[in-house]
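Engineer: need the 3D shape of this:
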Amino acid sequence: MTESKLPLLIGIGTRVRKSPYYESNLKYGVTGFTVYNKMYLPTAFSGPEKEYESLINDVTFGDFAAERQIEITGPDAYDFVRYIQPRNLEKCEIGFCKYILLTDKDGGIINDACLLRLEENKFWISPGDGDVILWLQGIAINSGMNVHIVEPDVSPLQISGPKSGKLIQKLFDGKHDDLGYYKAAETSLEEIPMVIARTGWSGELSYELYLQDRKLGNKLFELVYEAAKEFNGRVIAPNTIRTIEGGILSYGSDFGREHNPYTIGMGRLVDVDQETDFIGKEALKKIKENGLKEKLVGIELDGDPIIKAPENFWPVHDNDNQKVGRVSRAYYSPRLKKNIALAIVDIDYSSEGTDINVATPNGDLPSKVVKLPWFNAEKENKLD
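Structural biologist: Numbers count the residues shown, from 1 in each chain. Next comes the predicted model:
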């Protein structure tokens with residue numbers, strides 16, 4: 001007798017938080033969830049390939065509320081934000097957003113995040129999956145700084161794709177047509193309070209509507225859904241294909257606390273020469289001086305199209321079958337007509353053109369190291 005395989009399910013209950021857009025996700029056909037920052041995050045609606053096509057050609061939108069915010073306020077908020085991360089923020093004005101890395105005393109990455117400066121001493125930090133708020137509250141207790149750290153009622157709805165600027169123009173009657181890349185502004189839509197920012201985790205032109213009243217989540221979702229019809233809009237989940245193409249990293253998957261900013265190609269976010277002290281400054285100085293032992297790279301894999309993302313890290317071997325790294329995410333790119341992946345490998349195998357082998361559940365695949373990204377993140381808003 002053959003044993004039947006039941007579909008893998010995720011239990012829905014009270015222990016994990018539901019986003020303000022949860023009912024909208026069910027209404028518009030969500031087919032799966034994962035748990036991210038202790039909240040249900042959609043993983044698919046129409047499938048990665050269809051969602052990818054809409055993302056690169058039209059406009060997409062979806063529930064990114066699991067991208068929780070950490071609000072830092074108080075007289076010492078600016079000094080505190082400079083202390084917890086290594087980027088030089090001397091030119092971070094009100095209304096600016098910055099991509100940052102939070103580091104520990106050894107230079108390891110606690111998480112990556114988008115930083116929004118909303119007022120002189122009011123910041124939001126939007127990290128990846130993890131308990132970053134506990135880390136920051138713990139630092140604050142012994143910092144001697146006067147800061148207040150909480151999770152506010154803020155839940156992003158992301159709008160992405162080449163037509164996203166036109167959708168925003170329609171929703172807000174042109175009010176935010178001049179919103180620059182990585183800029184933010186407080187606004188509202190039919191009395192729904194929010195912050196709008198030219199940020200997003202997609203690789204395409206993106207906006208995030210940071211809803212500030214969770215009771216109005218489904219109302220906001222409906223407004224966007226109706227307005228997006230004109231532009232062939234589609235509800236989607238975070239898209240694996242496009243983020244790999246753009247070299248857009250996922251904390252806990254592509255890198256973790258065991259890695260430092262230089263390993264993942266983010267040395268530009270570290271200024272060890274600034275006068276301001278920050279956590280991990282001395283360690284990062286030494287890492288920079290001593291050079292890297294491993295590096296994050298892009299790779300292209302032979303074989304049949306990969307249409308299921310790795311459930312576990314795939315080992316990377318050299319030609320002598322010695323392990324020299326691991327693949328975190330891989331998928332078939334319809335535009336490139338190639339299997340592409342992100343991997344961290346020993347520094348001796350990180351040069352472009354290096355031949356390696358990847359051990360997959362379907363056998364070893366000859367592969368080659370290539371330059372990241374395959375497609376740059378889109379920054380220009382074309383409203384013509």
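Engineer: which stretches in the stretch 1-150 of the chain count as strands?
Structural biologist: 32-36, 39-44, 60-63, 70-73, 97-103, 109-119, 122-127, 148-150 (DSSP state E, counting those that start in this stretch).
Engineer: which one of those lies nearest to Asn321?
Structural biologist: When those are ranked by proximity to Asn321, the top entry is strand 109-119, at 30.3 Å, counting by CB to CB. Placement of C-beta: from N, CA and C, glycine included.
Engineer: for the residue nearest the centre of the chain, which three-state class applies?
Structural biologist: Compute the mean C-alpha point of the chain, and by CA atoms, centre = their mean the closest residue is Trp201, 4.5 Å away. Counting by DSSP: H, G, I helix; E, B strand; the rest coil, the backbone at Trp201 sits in coil.
Engineer: now do the contacts for it.
Structural biologist: Residues in contact with Trp201 (CB atoms under 8 Å, 6 or more residues apart in numbering) are 64, 67, 158, 238, 243, 248.
Engineer: between the residues you listed, which is nearest Leu336?
Structural biologist: The shortest separation between Leu336 and any of those is 14.2 Å, and it belongs to Thr243 (by CB to CB).
Engineer: that's a strand at the closest one, yeah?
Structural biologist: No. Going by three-state DSSP, the assignment for Thr243 is helix, not a strand.
Engineer: my guess is it meets Ser206, correct?
Structural biologist: No. With contact taken as CB atoms under 8 Å, Thr243 and Ser206 are classed as non-touching, separated by 11.5 Å.
Engineer: ok, back up a step: tell me the spacing between the residue nearest to the centre of the chain and Leu55.
Structural biologist: Taking CB to CB, to the nearest Å as the criterion, Trp201 is separated from Leu55 by 12 Å.
Engineer: what's the answer for Phe278, then?
Structural biologist: Phe278 sits at a distance of 35 Å from Leu55 (criterion: CB to CB).
Engineer: more neighbours, those two?
Structural biologist: Taking Phe278 and Leu55 together and counting by other CB atoms under 10 Å, Leu55 has the greater number of neighbours (25 against 21).
Engineer: now that one: how far from Asn121?
Structural biologist: Computed with CB to CB, the distance linking Leu55 and Asn121 is 37 Å.
Engineer: same question, Thr60
Structural biologist: Thr60 is 35 Å from Asn121, where distance means CB to CB.
Engineer: now Ile70
Structural biologist: In this structure, Ile70 and Asn121 are separated by 15 Å, where distance is defined by CB to CB.
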